[in-house]
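**Student:** give me a model of this one.
(one chain, ligands or ions: 1)
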Amino acid sequence: METKKNKKIFDAHAHYDDAWFDEDREELLKALPESGVSGVVCNAVDLKSAEVIKGYAEKYSYIYFTAGFHPENLEDMPDNYLDGVTEYLKHPKCVAIGEIGLDYHWDIPKDLQNKIFEEQLRLSKELDVPVVIHDREAHGDTMDLLRKYRPKGLMHCFSGSVELMREVMRLGMSISLGGVVTFKNARHSIDCAKEVPIERLLLETDAPYMSPVPFRGKRNDSRNIAYVAEKIAEVRGMDVQKLLDITAQNAKRLFKI
Ligand code: NI
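**Tutor:** A predicted model of the protein is given here:
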């Protein structure tokens, strides 16, 4: 792979517990800092994954993690799941409740999704911690709940219009953008990349998914943020390293790192 000499890449959203990394996870996680990666937030999808990624955070100084229930992982949830999430948040490297939200792409009961999302939003307000939001084809209901609770946090892999992005800004939240900005059909993402106030922009991979061009369809990892940063820096007319520095600072501020 071509190595780009950028430093201080902060990946605000990744899933290094994914089976796609099983064959070489340890080598990869060891190698990332040598390739300029200075921070990664591994996101949980349930309590089992929170436990696994907590282990990565304890082993690697640059890795942080979240705890929470993703809308695709609502089967067989323990009744006291909020206690479990709360327990993880006591860990010094557990930086947010995530990823949580709504996914109307898949056939998952909407009332259950909304209930669990709302309960986790309420917990974030109680504990005063940020949330990482997953919103797939559910902009309306997601925004209704965000307007109601006004949590601190991040709309990850933001896929909305510029109008929606502006409303997210008015609510005081941030967005993160990833590989999609390099795709040919990425008009919304490019418009948002151009317009978003720079202090509210984070960069992410959603690894192992969403690889940027020229690796589209292949396994993604945090180094590839270099390609995302290059594209966004180009449309904003700014220096790539400066964009990486600012977005890394934004992530640290949001996650209190
Ligand atoms: Ni994710």
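
**Student:** mind listing the helices for this protein?
**Tutor:** Using DSSP state H, the helices of the chain run over 25-31, 47-59, 81-89, 110-127, 139-149, 162-170, 187-195, 225-236, 240-255.

**Student:** just list what the second one packs against, helices and strands only.
**Tutor:** Taking 3 or more Cβ pairs under 8 Å, 6 or more residues apart in numbering; DSSP states H and E as the contact definition, the neighbouring helices and strands of helix 47-59 are strand 37-42, strand 63-67, helix 81-89, strand 94-103. To be clear about C-beta, it is placed using only N, CA and C from the backbone, and glycine gets the same treatment.

**Student:** what's the most buried one of those?
**Tutor:** Here the criterion is mean neighbour count by mean count of other Cβ atoms under 10 Å, and of the helices and strands packed on helix 47-59 the winner is strand 63-67, at a mean of 28.

**Student:** against which helices or strands is that one packed?
**Tutor:** Secondary-structure packing of strand 63-67 (3+ Cβ pairs under 8 Å, 6+ apart): strand 37-42, helix 47-59, helix 81-89, strand 94-103.

**Student:** and residue 68, which of these is closest to it?
**Tutor:** The closest of those to residue 68 is strand 94-103. By Cβ to Cβ, the value is 4.4 Å.

**Student:** how about the CA coordinates for the closest one, as CSV?
**Tutor:** C-alpha atoms of strand 94-103 as CSV (Å, rounded to 0.1, in the frame of the first residue of the first chain):
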residue,chain,number,x,y,z
CYS,A,94,-14.6,4.8,27.6
VAL,A,95,-15.4,8.1,25.9
ALA,A,96,-19.0,8.0,24.8
ILE,A,97,-22.3,6.0,24.5
GLY,A,98,-22.2,4.5,21.1
GLU,A,99,-23.0,3.6,18.6
ILE,A,100,-26.7,4.2,19.1
GLY,A,101,-29.5,5.4,16.8
LEU,A,102,-31.9,4.3,14.2
ASP,A,103,-31.6,2.1,11.1
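
**Student:** so what strands line up beside that strand?
**Tutor:** As defined by DSSP bridges, the strand partners of strand 94-103 come to strand 63-67 (parallel), strand 131-136 (parallel).

**Student:** residue 98: which of these is closest?
**Tutor:** strand 131-136 (2.8 Å).

**Student:** correct me, but residue 60 touches residue 29?
**Tutor:** Yes - the criterion here is Cβ atoms under 8 Å, and residue 60 meets it with residue 29 at 5.6 Å.

**Student:** follow-up on the earlier one: in JSON lines: the helices and strands packed on helix 47-59, plus mean pLDDT and distance to residue 215.
**Tutor:** Converted to JSON lines, the helices and strands packed on helix 47-59 look like this (pLDDT from 0 to 100; distance: least, Cβ to Cβ, whole Å):
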{"stretch": "strand 37-42", "mean pLDDT": "98", "distance to residue 215": "16"}
{"stretch": "strand 63-67", "mean pLDDT": "98", "distance to residue 215": "22"}
{"stretch": "helix 81-89", "mean pLDDT": "98", "distance to residue 215": "32"}
{"stretch": "strand 94-103", "mean pLDDT": "97", "distance to residue 215": "23"}
